[in-house]
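In: Here's a sequence, model it:
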Amino acid sequence: MNLNNASAEQLAELEEQLAGEYDAIKTQQLNLDLTRGKPSSEQLTLSNALDGILKGEYTTSSGVDCRNYGGLDGIPETQTIGASILGLPQENVLTGGNSSLTLMHQAMSVAHFFGLQGPGSAWSKEETVKFICPVPGYDRHYSVCEHLGIEMITVPMTAQGPHMDEVERLVATDSAIKGMWCVPKYSNPTGVIYSEDTVKRIAALGNTSAAKNFRIFWDNAYGVHDLSDQPVQLTSIWDACVAAGTENSVLQFASTSKITFAGAGVAFLGASETNLSGFKQSLGFMTIGPDKINQLRHAKFFEEEGSLRRHMKKHADIIKPRFACVLKHLETAFTDNDLGAWESANGGYFISFDTKPGLAKEVVKLAGEAGVKLTPAGATFPYGKDPSDCNIRIAPTVPSVEQVDAAMEVFVICVKLASVRQALNG
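Out: All right, here's what the predicted structure looks like:
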């Protein structure tokens, strides 16, 4: 389907045909959901052995009774898991509850209101606070900034990661910029893995930033979520920071939320001793300690060498057919035309699709009316505003393969129909 050389008559015929197909789909009264990147029930079942795994033994190897208060850092056994995922020493890891988003919000709140290096480093002491947000990106990152009244500045994502020439220029010239969000491996939603050069340039920002209280929020949510048997390895931001002397400039986050139980996992914060100390000064007012019993369950679940890798291979076996189904439909429908472009991710939870400019909202609307829920257009941009109105995030993990197949048939027709109608009205 190439619309560029089509006559008005041809476009009208095509619109009539596609509208007929679309109306036929609407009569099926579908109810399919591709909105959020959650684990499917099949994936959650992989971790059912967590239930009862402790068999009444609640004491850590160092003699800590996990039923009691205390232990703000979490238990060493889960610190070890976090260290292996994030790639830094165990003593630089704090383990919390099920949500890394909670840790990110808490860490940003502490940096904003109280300062990670004493009250004088608090961002809120300045009139304007800004954060760099690579786009398209993760909507909940933007929500945290919006909640705290932090202004967001966008930079485009490239195949290597954020556009670093632009990032470096902004950070060096504007002292109001206090940090940047990063999803470095299988970036949400594009699936991009930051290149070695990008990671090293990000690590160096702490030396060139106009703000002395600058922090990178490194959300490595998909660090072990590979679909390939030979995945690309992400360069260690910790090692890069050590080499650059900028350990205080980066806070790393991850969790087991998409590894074990999404609602009952363990979250990790990896940071320098200075950042952890500053964070815990405020954390101590919020909690006496995390759920150490759940942490001990996870430590027991992954105590065998290589068990995490084998577990994630089972996840990949479930997810891959869903990703393959999405890509099959996109390749069949759009390889020979310019109606859409997409990223073929080798891991993570999403596939990013770009319509022709000005059509994402219309495609999402058409799909919704046909019974297929998609993430709202604009969600991958700050304030929900995609300047080109073209990006749509597809999340295929929860539905069955058959449901993904049905949903993508609808999606393809909606993209084509919206494109033809735009051409007719152009």
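In: When you work out contacts or count neighbours from here on, use the C-alpha atoms and nothing else.
Out: Noted.
In: For Leu148, which non-adjacent residue is spatially closest?
Out: Using CA to CA, 6 or more residues apart in numbering and skipping the chain neighbours, the partner closest in space to Leu148 is Ser109 (7.4 Å).
In: A helix includes the one you found, no?
Out: Yes: judged by DSSP: H, G, I helix; E, B strand; the rest coil, Ser109 forms part of a helix.
In: Tell me the bridge partners for Ile392.
Out: Beta-bridge pairing of Ile392, defined through DSSP bridges, involves Phe353.
In: So it is in contact with Thr375, correct?
Out: Yes: using CA atoms under 8 Å, Ile392 is in contact with Thr375, at 7.0 Å.
In: More neighbours: which of those two?
Out: More neighbours surround Ile392 than the other of Ile392 and Thr375, with 27 against 17 (other CA atoms under 10 Å).
In: Spit out the contact partners of that one.
Out: For Ile392, the contact set (CA atoms under 8 Å, 6 or more residues apart in numbering) comprises 352-355, 360, 374-378, 380.
In: Longest strand in this structure, please.
Out: Criterion DSSP state E: the longest strand present in the chain is strand 151-158.
In: Alpha carbons of that strand, as CSV, please.
Out: The C-alpha trace of strand 151-158 is given here as CSV (Å, rounded to 0.1, in the frame of the first residue of the first chain):
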residue,chain,number,x,y,z
GLU,A,151,10.1,20.9,34.5
MET,A,152,10.9,18.4,31.8
ILE,A,153,13.1,19.0,28.8
THR,A,154,13.0,16.4,26.0
VAL,A,155,15.9,15.1,23.9
PRO,A,156,15.4,12.5,21.1
MET,A,157,16.4,8.9,21.4
THR,A,158,18.7,7.4,18.8
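In: And the average pLDDT for the helix or strand following that strand is what?
Out: Next helix or strand after strand 151-158 toward the C-terminus (DSSP states H and E): strand 161-162. In this model, strand 161-162 carries a mean pLDDT of 98.
In: Ignoring the adjacent residues along the chain, who's closest to Lys292?
Out: Spatial nearest neighbour of Lys292, chain neighbours left out: Cys66 (5.0 Å); criterion: CA to CA, 6+ apart.
In: and the closest residue to Glu273 other than its chain neighbours, how far is that from Gly278?
Out: Excluding its sequence neighbours, the residue lying closest to Glu273 (CA to CA, 6+ apart) is Asn92, at 6.4 Å. Applying CA to CA, to the nearest Å, the value for Asn92 to Gly278 is 13 Å.
In: quick one: low-confidence ranges for the chain?
Out: 1 (pLDDT under 70).
In: dump the residue contacts of Pro290.
Out: Applying CA under 8 Å, 6+ apart, the residues contacting Pro290 are 70-72, 74, 95-97.
In: can I assume Phe223 is in contact with Ile85?
Out: Not Phe; residue 223 is Gly. Yes: counting by CA under 8 Å, Gly223 touches Ile85, with 6.5 Å between them.
In: any shared contact partners between the two?
Out: Contact criterion CA under 8 Å, 6+ apart; residues shared by Gly223 and Ile85: Ala254.
In: Number of residues surrounding Val192?
Out: Val192, neighbours per other CA under 10 Å, totals 24.
In: likewise Ala83?
Out: Residue neighbour count, defined by other CA under 10 Å, stands at 20 for Ala83.
In: and the helix or strand that contains it, what does it pack onto?
Out: For Ala83, the host element (DSSP H and E) is helix 76-86. Packing partners of helix 76-86 (3 or more CA pairs under 8 Å, 6 or more residues apart in numbering; DSSP states H and E): strand 93-95, strand 250-255, strand 267-270, helix 292-301.
In: If we use 7 Å, what do you get?
Out: Helix 76-86 is packed against strand 93-95, helix 292-301, with contacts defined by 3 or more CA pairs under 7 Å, 6 or more residues apart in numbering; DSSP states H and E.
In: Can you tell me which of these is most buried?
Out: A comparison of these by mean neighbour count, using mean count of other CA atoms under 10 Å, puts strand 93-95 on top with a mean of 29.
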